[in-house]
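Undergrad: What follows is a predicted structure for the sequence shown.
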Amino acid sequence: MNKIVITIVIIALVLLGIFWISNQDSQDVPSVTEGEDEEMMESEVKEFEVLGTEFDFSVPEMRVSVGDTVRVTFKNTGTMPHDFVIDEFDVATQILSPGEEETIEFTASQAGEFEYYCSVGTHREQGMFGRIIVE
Ligand SMILES: [Cu+2]
């Protein structure tokens with residue numbers, strides 16, 4: 001009887017060992033996937049220089065990838081105060097006087113098409129807007 005019990009215990013231990021080893025293997029698989037994800041998420045810094053005048057932005061469209069760091073240097077090259085605003089990413093320059101410039105930076109954290117614009121007066125309606133495409 002004792003031999004049978006010992007045999008069963010040994011078999012159980014061997015099975016546990018096999019289960020443990022295969023578990024270790026399956027844990028390796030997600031870590032490989034994580035590595036691939038990191039590669040895909042590798043973000044870049046995309047820089048843009050936007051000149052603002054009455055009533056136009058020099059860059060009508062920006063294309064970036066999700067996760068990119070977007071750095072926009074906005075220069076007021078006009079004769080009136082202007083700013084540069086993107087509501088969805090919660091970024092805005094100060095309202096800049098003619099000749100001033102300001103750099104803003106944000107992470108393009110969501111995909112989609114968003115509008116950037118000048119929030120002064122009715123400048124947006126008069127043409128001071130562009131779109132940023134995050135894909
Ligand atoms: Cu403006």
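TA: That came in fine, so what should we check first?

Undergrad: so after the least confident helix or strand in the chain by mean pLDDT, what's the next helix or strand?
TA: Lowest mean confidence among the helices and strands of the chain (mean pLDDT, DSSP states H and E): helix 2-41, at a mean of 54. As assigned by DSSP states H and E, the chain's next helix or strand after helix 2-41 is strand 45-53.

Undergrad: which parts of the protein sit against the ion?
TA: Taking C-beta under 5 Å from the ion as the contact definition, the chain meets the ion at 82, 118, 120, 123, 128. C-beta coordinates here come from the backbone N, C-alpha and C atoms, glycine included.

Undergrad: Can you tell me the closest non-neighbouring residue to the second one?
TA: Right, residue 118. residue 128 (3.7 Å; C-beta to C-beta, 6 or more residues apart in numbering).

Undergrad: Let me know whether the one you found touches residue 116 as I believe.
TA: No. In terms of C-beta atoms under 8 Å, residue 128 does not count as a neighbour of residue 116; the distance is 9.2 Å.
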